[in-house]
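Participant: Have a look; sequence and predicted model below, questions after that.
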Amino acid sequence: MARSIGSLGIRRARLAGFLLLLVFVVSACSSNKGATYHFEWDITFRSILSPNGAIINGLWLTIAISIVAQLLGVVLGIFAALGKMSKIWPFRLVANFYIWFFRGTPLIVQLTMFYYAPQIAHIVTWPTFGLGPFSFSDSAVTIGCLIMGVNEGAYMAEIVRAGILAVDPGQSEAAKSLGMNYRQTMSRVVLPQAARVIIPPLGNEFNNMIKNTSLLYALSVYELFTTFDNYAVTSFQYFEYFFACCFWYLLLTTIWGLVQARIEVRFSRGSGPTSTGISWRERLLGRANPDEISVLGGH
């Protein structure tokens, strides 16, 4: 517990240091005395308060890719977790190889290899598709979503497996005694109870997914980062545009943090007096009471 409280103090110190550095950099860029760079605040404010169509499209594309890739990752993660825990060795072999490969290689390498190599070798032409309100009319967006989802599935597999192992084995035995088969036991008994353990890391994975969409710049996908990077390169106003880019990413992750906190509270009902979730303020400031620290394992 002492180590956990100490880590909270370190996080606060890092946050304070980052904010101090940020103030120093902005002040230096905004000063006319001895400075070689003048910060154009109007560019930043205009990109935030009245974004043009390209920025709005990049924002929506980032959200769409994040949602689709995460949903795909959850589905693949469930199957991979069940395969890794299967008594049939070919299923275990495939699942272990899948998890080993996609967790052990960088996402940026997977994106460039699986997108460019098959096309250069004329092995495949990537299709386009639409999903509900989202239209993926660019093959780079399609394969980017697919690869990010497959990569996420390897991480979700371990999260799902940990959630399943956290369920009391007696629950499975009770389900079998009631005449349920394996599929019914997993879908009606085990996975619903495992969701309570899976939800918090799943929320963190989606937070990372929102930020990892920026790696699609390697495929020339005009999501949020690529859009701002294009403006910065053509105008040489890097500070201004990337400060605005940071704001939009922070807005997305902050909104998701609020949603995640509500979801965790809902799934933690009835699990104990200390399972009340962590508020958005505590997430931001790194504060938690000792009981919550013990429940969360000091993280």
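Facilitator: Nice, I can see it.

Participant: So, low pLDDT: which residues of the stretch 1-150 of the chain?
Facilitator: Flagging of the stretch 1-150 of the chain using pLDDT under 70 yields the residue ranges 1-37, 124-137.

Participant: 90 - rerun?
Facilitator: 1-44, 86-87, 115-143 (pLDDT under 90).

Participant: now the stretch 151-299 of the chain
Facilitator: 163-200, 220, 235-240, 260-299.

Participant: ranges for the helices of the stretch 101-250 of the chain?
Facilitator: Here the stretch 101-250 of the chain has its helices, by DSSP state H, counting those that start in this stretch, at 107-120, 139-166, 169-177, 182-185, 191-212, 224-235, 238-267.

Participant: could you say what helices and strands the host helix or strand of R46 packs with?
Facilitator: In this assignment (DSSP states H and E), R46 forms part of helix 41-49. Secondary-structure packing of helix 41-49 (3 or more Cβ pairs under 8 Å, 6 or more residues apart in numbering; DSSP states H and E): helix 224-235, helix 238-267. Just so you know, the C-beta spots here come from the backbone N, C-alpha and C atoms, and that holds for glycine as well.

Participant: for these, which one sits closest to F39?
Facilitator: Ranking these by distance to F39, with Cβ to Cβ as the measure, places helix 238-267 first at 5.9 Å.

Participant: what packs against that closest one?
Facilitator: If you count contacts as 3+ Cβ pairs under 8 Å, 6+ apart, helix 238-267 packs onto helix 41-49, helix 53-84, helix 191-212, helix 224-235, helix 280-285.

Participant: Flag every buried residue along that helix.
Facilitator: For helix 238-267, burial by neighbour count (16 or more other Cβ atoms under 10 Å) applies to 239-245, 248-249, 252, 256-257, 260-261, 264, 267.

Participant: Report the separation between the closest residue in space to I108 that isn't next to it in sequence and L250.
Facilitator: Closest residue to I108 apart from its sequence neighbours, by Cβ to Cβ, 6 or more residues apart in numbering: L215 at 5.3 Å. L215 sits 18 Å away from L250, going by Cβ to Cβ, to the nearest Å.

Participant: quick one, what contacts the residue nearest to I108?
Facilitator: The neighbourhood of L215, defined by Cβ atoms under 8 Å, 6 or more residues apart in numbering, consists of L107, I108, L111.

Participant: which among those residues gets closest to V190?
Facilitator: The nearest member of the contacts of L215 to V190, counting by Cβ to Cβ, is L107 at 30.0 Å.

Participant: Burial check on that closest one, number of neighbours?
Facilitator: 16 (other Cβ atoms under 10 Å).

Participant: tell me the contacts of it?
Facilitator: I147, M148, N151, N212, L215 are the contacts of L107 under Cβ under 8 Å, 6+ apart.

Participant: between these, which is nearest L59?
Facilitator: With Cβ to Cβ as the yardstick, the closest approach to L59 among those comes from N212, at 15.7 Å.

Participant: Verify the stated contact: A140 with L219.
Facilitator: Yes. Counting by Cβ atoms under 8 Å, A140 does reach L219; the two are 4.2 Å apart.

Participant: any residues in contact with both of these two?
Facilitator: Residues touching both A140 and L219 (Cβ under 8 Å, 6+ apart) are Y115.

Participant: Could you measure from the residue nearest to I108 over to N181?
Facilitator: Using Cβ to Cβ, L215 is found at 41 Å from N181.

Participant: ok, back up a step: can you put the helices and strands packed on helix 41-49 in a markdown table and add distance to T44?
Facilitator: Formatted as a markdown table, those follow (distance: least, Cβ to Cβ, whole Å):
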| stretch | distance to T44 |
| --- | --- |
| helix 224-235 | 11 |
| helix 238-267 | 5 |
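
Participant: of all the ones you listed, which lies closest to I123?
Facilitator: It's helix 224-235; of the helices and strands packed on helix 41-49, that one is closest to I123 (Cβ to Cβ) at 26.0 Å.

Participant: for the helices and strands packed on helix 41-49, which one sits closest to V74?
Facilitator: Here helix 238-267 is closest among those (Cβ to Cβ), at 13.7 Å.

Participant: Off-centre distance for that closest one?
Facilitator: How far helix 238-267 lies from its chain's middle: 11 Å, per Cα atoms, centre = their mean, to the nearest Å.
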